[in-house]
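Asks: sequence-free structure coming up:
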């Protein structure tokens, strides 16, 4: 069982900004955008501590990954993404829900190095940090060094679409590592629209579906919750049952929204605490959303509508 910790600021991951289109630029490098969750690995005297993005120590949940990282040469703090690989050889966020039941292949993809043997590397250029990471990184089936391409972002993005990946990352080759900050030195370009959401309630089951009909979704807007739609697809029977059990523990009598929303009469409200991810067709309210799974690596009050930034 993992315990909660406040992740020191120096260990907090650098965050990327969503952008609207791929591009070519010789001053940038491009990597796969992994469909998992961020994980910081701290290796000290052969002992490994694994942290989620929101500061939870999760080493005991991923003991085999931690053991694989014991092979890192010296002390280090590494940034990467924990993913679950499907039979198609591609990472799928949904599969992480089953990873702890050993139903999916886990892989830790390491892409940056913040500290090495006590030396703070964050002011060094990205490519220098990646070079030093590759030099200390061991070979193991549960961990991988994240390779990159220089300059050719549009071709790399087209390849990501063909391979049905979530998208690509674009990173300025000479950029420093900005712990805990979201900057335009790291950009993400997605092949499909996705959004982190908070579950605010659920509707009564309909027809033959058990447990619930749809989830009521919200994001944080200022000091209030904003309703953004319902999601009723993307659930297996097992997910319906497990999620219903979690939601029942969060039941509350009052809606979190300042105004009335769709299907209130059929809705059971819950305390806005569970973060999930959905994919969707377009924004007004979310159109044609599909549930992808819960996220344990982000706090509910940090979930806001993600807006695209343009380089133009």
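Replies: Now that the structure is in, tell me what you want to look at. Bear in mind that the values here come from a model prediction, so they are computed numbers and not experimental data.
Asks: tell me where the stretch 201-312 of the chain has helices.
Replies: Here the stretch 201-312 of the chain has its helices, by DSSP state H, counting those that start in this stretch, at 237-248.
Asks: could you chop the chain up by domain?
Replies: Domain assignment of the chain by automatic domain parsing yields the ranges 3-190, 194-302.
Asks: how about CSV for the ones you listed, with distance to residue 308, mean pLDDT and mean neighbour count added?
Replies: All C-beta atoms are positioned from the backbone trio N, CA, C, and that covers glycine. Converted to CSV, the domains of the chain look like this (distance: least, CB to CB, whole Å; pLDDT from 0 to 100; neighbours: other CB atoms under 10 Å):
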stretch, distance to residue 308, mean pLDDT, mean neighbour count
domain 3-190, 5, 90, 18
domain 194-302, 11, 91, 17
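Asks: show me the beta-bridge partners of residue 151.
Replies: Beta-bridge pairing of residue 151 under DSSP bridges involves residue 25.
Asks: that one against residue 23, yeah?
Replies: No: Residue 151 is beyond contact range of residue 23, at 9.8 Å (criterion: CB atoms under 8 Å).
Asks: so which residues of the stretch 1-150 of the chain form helices?
Replies: Using DSSP H, counting those that start in this stretch, the helices of the stretch 1-150 of the chain run over residues 63-69, 96-99, 126-136.
Asks: neighbouring contacts of the longest one?
Replies: Put plainly, it is helix 126-136. With CB atoms under 8 Å, 6 or more residues apart in numbering as the test, helix 126-136 has contacts from 29, 72-74, 76, 78, 110-114, 116, 121, 145, 148, 171-177.
Asks: again, 7 Å this time
Replies: Here helix 126-136 makes contact (CB atoms under 7 Å, 6 or more residues apart in numbering) with 29, 72-74, 76, 78, 110, 112-113, 116, 121, 145, 171-175, 177.
Asks: gap between residue 105 and residue 79?
Replies: Relative to residue 79, residue 105 is positioned 21 Å away (CB to CB, to the nearest Å).
Asks: just residue 24 next, same as before
Replies: For residue 24 relative to residue 79 (CB to CB), the value is 25 Å.
Asks: same check, this time on residue 90
Replies: Per CB to CB, residue 90 is found 21 Å from residue 79.
Asks: same check on residue 215?
Replies: 31 Å.
Asks: need phi/psi at residue 194.
Replies: Dihedral pair for residue 194: phi -140, psi 160, per degrees, to the nearest 10.
Asks: so it bridges to which residues?
Replies: Going by DSSP bridges, residue 194 forms beta bridges with residue 279.
Asks: and for residue 218?
Replies: Applying DSSP bridges, one finds that residue 218 bridges with residue 198, residue 227.
Asks: going forward, begin numbering at 16 instead of 1
Replies: In the new count, where the first residue is 16, that last one comes out as residue 233.
Asks: quick one: contacts for it?
Replies: For residue 233, the contacting residues are 212, 213, 215, 240, 241, 242, 243, 271, 287, by CB under 7 Å, 6+ apart.
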